[in-house]
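Fold the following, please.
(one chain, ligands or ions: 1)
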Amino acid sequence: MKILITYYSRTGVNESVCKSLQSKLDCDIEPIIDTKNRKGLWGLLICGFDATFKKMSKIGAIEKDPGNYDLVIVSTPIWAGTITPAIRTYVFENKDKFKKVAFVSVSGSGEENKKVLPDFESLANKKVITSLLLRRWAVRKGTHQEKVESFVKEILSQDKEIK
Ligand SMILES: Cc1cc2nc3c(=O)[nH]c(=O)nc-3n(C[C@H](O)[C@H](O)[C@H](O)COP(=O)(O)O)c2cc1C
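Next up, the predicted model:
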């Protein structure tokens, strides 16, 4: 099964989890670049504002065509109770190319943010095959590994189904 991981990460936590997933799944990975300046206090306020109003953001050109993959794993922080503007744009622009999607998020509240899945699924126009929602502090402490392992196992079991 050909797998692509795409992620947006402002402060590097989603990125670190995605890189570890990449090495476990031995797959391709691509960061999504938000072209909007989100640095500093003003940048933070804009992040919250844009997310609250479910705004999209202009993203940098993507190099990997999601249509070439059996599964795309999309990872995002949660801002103001929802997915980030860059990921909203990526999913909206590529929804017709996704064959299967899985959802990953490292955020302040982890599992509690499962409530964002209906919005994500309606944007992607399909149900996620599985999801991994982690708390930022758990990743920092390294206590998230068990959840990562069971997510990887679930993805690999899909691999058998596709073959
Ligand atoms: C503007 C803003 C709003 C946020 N809102 C939420 C939220 O509503 N719920 C939550 O669980 N985490 C929230 N967070 C925390 C981020 O989701 C968390 O720090 C995440 O791990 C950042 O990921 P990154 O390092 O990949 O950018 C917010 C962070 C920012 C900057």
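
Near the ligand, which residues of this structure are found?
Residues of the chain lying close to the ligand (Cβ under 6 Å from any ligand atom) are 9-15, 44, 47-48, 77-81, 106-109, 113, 136. The C-beta positions use only the backbone N, C-alpha and C, and glycine is treated the same way.

could you redo the last one with a cut-off of 8 Å?
Counting by Cβ under 8 Å from any ligand atom, the chain comes close to the ligand at 7-16, 44-45, 47-48, 51, 75-82, 84, 105-110, 112-113, 135-136, 139.

Now, the residues you listed that are in helices?
The helices, defined by DSSP state H, take in 13-16, 44-45, 47-48, 51, 136, 139 from the residues of the chain next to the ligand.

From these, list the buried ones, please.
Among these, those buried by neighbour count (16 or more other Cβ atoms under 10 Å) are 13-15, 47, 51, 136, 139.

Those residues: which two are farthest apart?
The two members of those with the most space between them (Cβ to Cβ) are Ala51 and Val139, at 20.4 Å.

which residues sit against the helix or strand containing Ile87?
Per DSSP states H and E: Ile87 is located in helix 85-94. With contact meaning Cβ atoms under 8 Å, 6 or more residues apart in numbering, helix 85-94 is reached by 6, 8, 32-34, 36, 50-51, 54-59, 62, 66-67, 72, 74, 76, 83, 120, 123-124.

Derive a ChimeraX selection command for the buried subset of the residues you listed.
Here is the ChimeraX command that picks out the buried ones among those, judged by 16+ other Cβ under 10 Å:
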select :6,8,32,34,36,50,51,56,57,59,62,66,72,74,76,83,120,123,124
